[in-house]
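Trainee: build me a model from this:
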Amino acid sequence: MGIPYLTKHLLPYADSVLLGGGSDDQKLDETPRVRSVVIDGPSLVYHVYYRLLAWMSPVHDVLDVQPTCNEVSRAVVTCLLELHRQGIEIHKICFDGALPVSKRETRRARIEKSRHRLELSRRRAPTSSNEWRKEVILPPRQLWQGQNLPARWRNLPENPFMVSAVFEDLRTRWNREQILQETQCDPSHLPNGDYPWVEITVMVPGEADVECALVSKLTGSAILTNDSDLIVHDLGSHGSVVFLNSVQSVEDPEDTAHPKISAMRLHPSDLAHRLGIINIPRFAYELNENPHLGFSELLRRSKDNQEMTKNLEKYHHFLREYQPDINRPLAVQGGTYGQNLDARVSELVWQYKLPDAFCEADQPHIYLGILFEDHSRRCAWELGRFYRTLGYSLLNQAHPRTRQFTTVYEFVRRGTRIIAEQIMLGGSKTVISDLSTLQKRLDLAQNVFGADDQSTFWVMFAVAEIYRDPSSQTSLPSAVQLERFLTKGFLGQGTEWVDVHLLAQIHAVLYSLRMLQQLLRFLPDDDLLGSSRLILNSLPPLYSLLPSRREIIQKFSIGQLAHRSVYQLITTYG
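Mentor: Below you'll find the model as predicted:
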């Protein structure tokens, strides 16, 4: 979550820079230029998400305002294309593949913060608007231009799936054809290669920060991020940090059609020299120990070598978080393992592969994120647990007994708390039985709903899971209500929290299937029969797997599809 007040103290010393431009531009303009970057992937995703959210009209319905995975993914690509058009070389786009044990409390605190925001959201009645919002496609100028977030959206929980969706899309979706089809890109501004970002988009076995810092140090490039911690890393003599929330579109008088991009840059090596201290980590350490002190006193302490001698061990412990682990196996440092896994699945896998770094003596942990749901009801993640447990158990069984675990801890919301839910892992007989159960459920659903349109099939499969769940029996929608939800977007006469919760339950089931699908694909051939590996092969990519309410309505409003699907559901599962 960063060192509190670090940016506040140091940002006044940042340089104003322009992103991109040729050498001739700098001759005409004295402003420093940034010509190469390494991108903190999650930071860019969250930055774009909030830029999209800020452009949403306050009249829109609360259930529709959260930017979808597809909208965020397209906006990220728009930003990357604009960076390329400006002549900026992107060395890498780094994503977290597993956070170390030392970051568990930080992770839990972040989830608790999201839970609290959800609780605050629940205190307000949903807005029911007659105005359906269209899919949001912002031009580069608006994406780079800051806008105040409407007050009513400030407690809206973030989309918990968007980082995984963007990572997957950059590696498997965004080829030249898709880019031209779905963005407003000029073909002459396309990067080279059919999939321009597949080679530079990496899932780091650890924190993305460390990889970003290493690339910055080796190349002298700037790190595009909103994470103040990156100032503390060793970026070498030429590496720097450019804050995404400082990036702005600036009118170019000589080319009004193509504005320039300005930003604020912190250059840790130069900054330490200007402040008269040995390095920025020393200042960050003093601030971390004494967050209440003023800038002048922190600066004085950063220069006091005698005082530092007394706290040398404590200082070295502080620095470990910002240094690459040189003792980690080369395969891990190279980051070539499991590059097409979802971030949550990747983290689970690394806890098996390198337990000393990512698990220690504990059982594996997995953090499912906060869904936009009814905070007063049972957590929507309760649905889909059968599929997640099967995936965890399959992964467990694929390892020797000496490296197996008995449980996995899922961090989820229970009421007004975040708890570690203990998931007991099944043995080989249970796994075989559960795979058979999954196959039977899929066969039944395909017979009931048909599988010609995968997008509607998987929504109905998820709804059937809700009707199958014994604990949901007292709150199941009637046939009339469900048909209204599929075609109008709400069970009653307008949006209520019950509608919010139903959509969250659908997403929970579908994402749980996605986790199982990835683990089925990842496991060695000798651990699975071929048919089991392909059992969820028709599951769509994440950006289209989790539909918004608007997308559900568009799909089910065709002819009698909703009526027929609901009738078949109630007849079979009701």
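Trainee: and the strands in this protein, which stretches?
Mentor: Listed in chain order, the strands of the chain (DSSP state E) span 15-19, 33-34, 36-40, 89-96, 201-204, 222-225, 240-243, 248-250, 260-266, 365-367, 407-414, 417-424.
Trainee: can you lay out those strands as CSV showing mean pLDDT?
Mentor: Formatted as CSV, those follow (pLDDT from 0 to 100):
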stretch, mean pLDDT
strand 15-19, 95
strand 33-34, 95
strand 36-40, 98
strand 89-96, 96
strand 201-204, 95
strand 222-225, 98
strand 240-243, 97
strand 248-250, 88
strand 260-266, 94
strand 365-367, 96
strand 407-414, 96
strand 417-424, 95
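Trainee: ranking those by burial, who's on top?
Mentor: Among these, ranked by average contacts under mean count of other CB atoms under 10 Å, first place goes to strand 222-225 (a mean of 28). Just so you know, the C-beta spots here come from the backbone N, C-alpha and C atoms, and that holds for glycine as well.
Trainee: now for that one, which elements pack on it?
Mentor: strand 36-40, helix 41-54, helix 208-219, strand 240-243 (3 or more CB pairs under 8 Å, 6 or more residues apart in numbering; DSSP states H and E).
Trainee: could the strands of the chain go into JSON lines alongside distance to Ser544?
Mentor: Below are these laid out as JSON lines (distance: least, CB to CB, whole Å):
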{"stretch": "strand 15-19", "distance to Ser544": "32"}
{"stretch": "strand 33-34", "distance to Ser544": "35"}
{"stretch": "strand 36-40", "distance to Ser544": "24"}
{"stretch": "strand 89-96", "distance to Ser544": "20"}
{"stretch": "strand 201-204", "distance to Ser544": "19"}
{"stretch": "strand 222-225", "distance to Ser544": "27"}
{"stretch": "strand 240-243", "distance to Ser544": "32"}
{"stretch": "strand 248-250", "distance to Ser544": "30"}
{"stretch": "strand 260-266", "distance to Ser544": "31"}
{"stretch": "strand 365-367", "distance to Ser544": "24"}
{"stretch": "strand 407-414", "distance to Ser544": "25"}
{"stretch": "strand 417-424", "distance to Ser544": "28"}
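Trainee: nearest to Ser302, out of the ones you listed?
Mentor: For the strands of the chain, the distance to Ser302 is smallest for strand 260-266, at 15.9 Å, taking CB to CB.
Trainee: and that closest one with strand 15-19, angle?
Mentor: 140 degrees (axes from the mean of the first three to the mean of the last three CA atoms, to 10 degrees).
Trainee: which secondary structure elements does strand 260-266 contact?
Mentor: Using 3+ CB pairs under 8 Å, 6+ apart: strand 260-266 touches strand 15-19, strand 240-243, strand 248-250.
Trainee: check the spacing between Thr406 and Arg108 real quick.
Mentor: 22 Å (CB to CB, to the nearest Å).
Trainee: ok, which stretches of the stretch 301-450 of the chain are helices?
Mentor: 305-310, 312-320, 330-334, 343-353, 355-358, 385-397, 428-449 (DSSP state H, counting those that start in this stretch).
Trainee: contact partners for the nearest residue to Asn288 once chain neighbours are set aside?
Mentor: Leaving out its chain neighbours, the residue that sits closest to Asn288 by CB to CB, 6 or more residues apart in numbering is Ile3, at 5.2 Å. Applying CB atoms under 8 Å, 6 or more residues apart in numbering to Ile3 gives the contacts Ser228, Asp229, Val232, Ala284, Leu287, Asn288.
Trainee: quick one: contacts of stretch 408-424?
Mentor: So stretch 408-424 is contacted by 107-108, 111-112, 115, 118-119, 348, 363-368, 370, 375, 379, 381, 385, 388-389, 392, 406-407, 425 (CB under 8 Å, 6+ apart).
Trainee: now list the buried members of those residues.
Mentor: For those, a burial check counting by 16 or more other CB atoms under 10 Å picks out 111, 115, 118-119, 348, 364-368, 370, 375, 379, 381, 385, 388-389, 392, 425.
Trainee: return the helix or strand in this protein with minimum mean pLDDT.
Mentor: helix 330-334 (a mean of 44; mean pLDDT, DSSP states H and E).
Trainee: among the helices and strands packed on strand 222-225, which is nearest Pro400?
Mentor: With CB to CB as the criterion, Pro400 lies closest to helix 208-219 of those, at 29.4 Å.
Trainee: which one of the helices and strands packed on strand 222-225 lies nearest to His317?
Mentor: helix 208-219 (16.8 Å).
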